[in-house]
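# task: produce atomic coordinates for the following.
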Amino acid sequence: MKAYLSLGSNISPRRDRLEKAVELIGKLPTTSVTGMSDLLETEAEGEWKDGQQKGKFLNCCVEITTAIPPQRLLEELKKIEKALGRHNEGKVFTPQGHRLYADRPVDIDILLYGRRKIKTENLEIPHPRMQERAFVMIPLKQIKTN
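Reported below is the predicted structural model:
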């Protein structure tokens with residue numbers, strides 16, 4: 001199955017973390033990285049825990065082929081995030097219900113998984129906000145045109 005992932009990092013060494021994440025994704029069973037966008041530097045969006053964040057994000061998208069089912073793929077991607085320094089503190093919200101974001105050594109999201117539509121408590125495909133995010137759509141379109 002062809003799938004598209006979005007990767008981002010705002011903690012140095014950003015480029016090294018993203019390159020290592022792509023390498024580890026390619027080592028997953030029955031999985032190959034078949035395309036990758038250029039790296040795109042972007043400003044952080046949204047509200048942040050403690051009112052601050054460490055710096056700009058470096059983002060990219062990758063195209064993969066995989067036989068790993070979507071939920072298991074998500075679990076494998078979370079293991080890669082953890083191996084590269086991400087701690088899952090869970091989602092935190094303001095009293096008004098706005099999500100507060102935290103710095104990320106690496107963040108990997110499944111954007112698309114073939115033509116599948118999935119909505120569970122921890123996984124929604126297509127990714128629900130990808131159309132609103134230039135840091136996702138610019139690199140994603142770049143892969144599709146390569």
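# need the next SSE after the lengthiest strand in the chain, C-terminal direction.
Counting residues, the longest strand in the chain under DSSP state E turns out to be strand 57-66. Sequence order places helix 70-83 as the next helix or strand after strand 57-66, per DSSP states H and E.
# and that following helix with strand 57-66, angle?
Calculated by axes from the mean of the first three to the mean of the last three CA atoms, to 10 degrees, helix 70-83 forms an angle of 140 degrees with strand 57-66.
# pull out the buried positions in helix 70-83.
Going by neighbour count (16 or more other CB atoms under 10 Å), the buried part of helix 70-83 is P70, L73, L74, E76, L77, I80, E81. Bear in mind the C-beta positions are built from the backbone N, C-alpha and C, glycine included.
# relative orientation of the helix or strand hosting E23 and helix 70-83 in degrees?
Here E23 sits within helix 14-26, counting by DSSP H and E. Comparing the axes of helix 14-26 and helix 70-83 via the same axes, to 10 degrees yields an angle of 140 degrees.
# what packs against helix 14-26?
Contact partners of helix 14-26 among helices and strands, from 3 or more CB pairs under 8 Å, 6 or more residues apart in numbering; DSSP states H and E: strand 2-9, strand 31-36, strand 57-66, helix 70-83.
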